[in-house]
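**Student:** Pasting the sequence and the predicted coordinates here, then a few questions.
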Amino acid sequence: MAGPSAFSVYALRLGPGEDIVTSLLKFVEDKKLKAPFVMTCVGSITKATLRLANATASNTNQIIRLNERFEIVSLVGTLNKAPHLHICLSDKDGKTVGGHVISDLEVFTTAEIVIGECTGLQFTREMDDRTVCIVDHVTRIVNAPKRQ
């Protein structure tokens, strides 16, 4: 555990055809953010690739590929070199589906995203021997520069 931490807030708007994950990673790289996270996102997409949570011993990676219009109900997670994002989507009938974002979040009309960054912290993804999963790891940056 690391913290407490102050944080900065950024807003990003993406347009039709843009890929949300690629755009977020470029934004993080361009701004040199060390502990960024998605605070909220509204918008719509035309496709997504998600990993579902119903893993079993024989099926650890059930992947679904969605190719239709969805409203983004929620998008949250951390944005390091290997982002850890979860999304909830609503279809034309209001039915929802959600999971771990793998790729292909293509914007339909807009994606309005609020990004936060914890000052003085750094997010990484590391193997957890207890769960045999890659999990988020937070470290404090000593003498971290102040953001303007």
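**Tutor:** Yep, that arrived.
**Student:** show me the contacts for the nearest residue to residue 121 once chain neighbours are set aside.
**Tutor:** Leaving aside its chain neighbours, residue 121 sits nearest to residue 35 (4.0 Å; criterion: CB to CB, 6 or more residues apart in numbering). C-beta here means a position set from N, CA and C on the backbone, and glycine is covered the same way. Counting by CB atoms under 8 Å, 6 or more residues apart in numbering, residue 35 touches 5, 78, 117, 118, 119, 121, 122, 123, 138.
**Student:** And residue 35, how close does it get to residue 78?
**Tutor:** Distance check for residue 35 against residue 78: by CB to CB, to the nearest Å, it reads 8 Å.
**Student:** Can you check which residues contact both of the two?
**Tutor:** In contact with both residue 35 and residue 78: residue 123, using CB under 8 Å, 6+ apart.
**Student:** quick one: low-confidence ranges for the protein?
**Tutor:** Along the chain, segments meeting pLDDT under 70 span 1-3, 55-60, 124-148.
**Student:** for it, longest strand please?
**Tutor:** Ranked by residue count, the top strand of the chain under DSSP state E comes out as strand 96-118.
**Student:** correct me, but residue 25 touches residue 83?
**Tutor:** Yes. Using CB atoms under 8 Å, residue 25 is in contact with residue 83, at 6.7 Å.
**Student:** helices and strands around the longest strand of the chain, which ones?
**Tutor:** Packed against strand 96-118 by the contact rule (3 or more CB pairs under 8 Å, 6 or more residues apart in numbering; DSSP states H and E) you find strand 7-14, helix 20-31, strand 36-51, strand 63-66, strand 70-78, strand 84-90.
**Student:** Extract the C-alpha trace of it and format it as PDB.
**Tutor:** In PDB, the C-alpha atoms belonging to strand 96-118 read as follows (Å, rounded to 0.1, in the frame of the first residue of the first chain):
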ATOM      1  CA  THR A  96     -25.300  -5.100 -20.300                       C
ATOM      2  CA  VAL A  97     -22.100  -7.000 -20.800                       C
ATOM      3  CA  GLY A  98     -18.700  -6.300 -19.100                       C
ATOM      4  CA  GLY A  99     -15.300  -7.700 -18.600                       C
ATOM      5  CA  HIS A 100     -11.500  -7.100 -18.800                       C
ATOM      6  CA  VAL A 101     -10.600  -5.000 -21.900                       C
ATOM      7  CA  ILE A 102      -8.300  -6.900 -24.200                       C
ATOM      8  CA  SER A 103      -8.500  -4.600 -27.300                       C
ATOM      9  CA  ASP A 104     -10.600  -3.100 -30.000                       C
ATOM     10  CA  LEU A 105     -12.500  -0.400 -28.200                       C
ATOM     11  CA  GLU A 106     -13.400   1.600 -31.300                       C
ATOM     12  CA  VAL A 107     -15.300   4.900 -30.800                       C
ATOM     13  CA  PHE A 108     -18.700   5.200 -32.500                       C
ATOM     14  CA  THR A 109     -19.700   8.800 -31.800                       C
ATOM     15  CA  THR A 110     -17.600  10.000 -28.900                       C
ATOM     16  CA  ALA A 111     -15.600   8.900 -25.800                       C
ATOM     17  CA  GLU A 112     -15.300  11.600 -23.100                       C
ATOM     18  CA  ILE A 113     -12.700  10.300 -20.600                       C
ATOM     19  CA  VAL A 114     -11.500  11.800 -17.300                       C
ATOM     20  CA  ILE A 115      -8.100  10.600 -16.400                       C
ATOM     21  CA  GLY A 116      -6.500  11.000 -12.900                       C
ATOM     22  CA  GLU A 117      -2.900  10.700 -11.900                       C
ATOM     23  CA  CYS A 118      -1.700  10.000  -8.300                       C
END
